[in-house]
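Could you look at this predicted model? Sequence included:
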Amino acid sequence: MAEIVVTIDVAAPAGAVWTKLIDWPTHGEWMLLTRVETASQEVAGVGAGIIGITGIGPITMRDTMVVTAWSPPPANPARCGVDHTGRVVRGSAAFEVEAIDETCSRVTWSEWVRLPFGIAGQLGWFVVRPIVLSALKISLRRLAKYVEAGAR
């Protein structure tokens, strides 16, 4: 199991951060090389289906997910959990938004992914992990700027 956890503070209230974080169709505004589509009529809450499409040009990977946990604000931390249900990406993830005070929040993005391809996947993870970690950090910095721009 591969694990990645990234945290960033955002100069915006938890409710504003949560609203942007779970607005799946706007993920392309801040998520590096990714767009997200809804895959069910239900777009929020447990059971909602989403698809992350990551890539450049015709080279893409589809990451299908189902929401498994849903605790929006005023829960503190607010939490959305998903299961990755695709052929390549399997495992789970959680997005949490914690109110630090009325004007500042902390976002924590955690991923627990079952690596494909046996020992080759485990060895490949040593190469891929820094790239995935860097992309997630860049994306969360972009999220912070995206939310902060709208909160002013």
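The structure has been received and is ready for your questions.

could you pull out the strands for the chain?
2-10, 34-38, 49-56, 59-71, 78-85, 90-101, 104-114 (DSSP state E).

so V36 bridges to which residues?
G52 (DSSP bridges).

where does it sit relative to S134, distance-wise?
20 Å (CB to CB, to the nearest Å). To be clear about C-beta, it is placed using only N, CA and C from the backbone, and glycine gets the same treatment.

So for these two, which sits in the more crowded spot?
Neighbours were counted for V36 and for S134 using other CB atoms under 10 Å; V36 has more, 19 against 12.

what would the strands of the chain look like in a markdown table with distance to F126?
Below are the strands of the chain laid out as a markdown table (distance: least, CB to CB, whole Å):
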| stretch | distance to F126 |
| --- | --- |
| strand 2-10 | 10 |
| strand 34-38 | 23 |
| strand 49-56 | 20 |
| strand 59-71 | 19 |
| strand 78-85 | 21 |
| strand 90-101 | 18 |
| strand 104-114 | 14 |
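
which residues touch the closest residue to E98 other than its chain neighbours?
Closest residue to E98 apart from its sequence neighbours, by CB to CB, 6 or more residues apart in numbering: P77 at 3.9 Å. With contacts defined as CB atoms under 8 Å, 6 or more residues apart in numbering, P77 is in contact with A14, S71, E96, V97, E98, A99, R106, T108.

Who wins on neighbours among these?
V97 (30 neighbours).

Show me the shaky parts of the protein.
151-152 (pLDDT under 70).

Looking at it, which helix is longest?
With secondary structure taken from DSSP state H, the chain has its longest helix at helix 118-151.

Counting by contacts, list what that helix packs against.
Under the contact definition 3 or more CB pairs under 8 Å, 6 or more residues apart in numbering; DSSP states H and E, helix 118-151 sits against strand 2-10, helix 14-21, strand 104-114.

What is the burial count for A16?
Quick note: A16 (other CB under 10 Å) scores 18 neighbours.

for the spatially closest residue to T7 that is not a sequence neighbour, what are its contacts?
Using CB to CB, 6+ apart and skipping residues adjacent in sequence, the residue nearest T7 is T108, 4.6 Å away. Taking CB under 8 Å, 6+ apart as the contact definition, T108 lies against V5, V6, T7, P77, A94, F95, E96, E98.

TSV for those residues, including distance to E42?
Output for the contacts of T108, formatted as TSV (distance: CB to CB, whole Å):
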residue	distance to E42
V5	28
V6	27
T7	29
P77	22
A94	19
F95	17
E96	21
E98	25
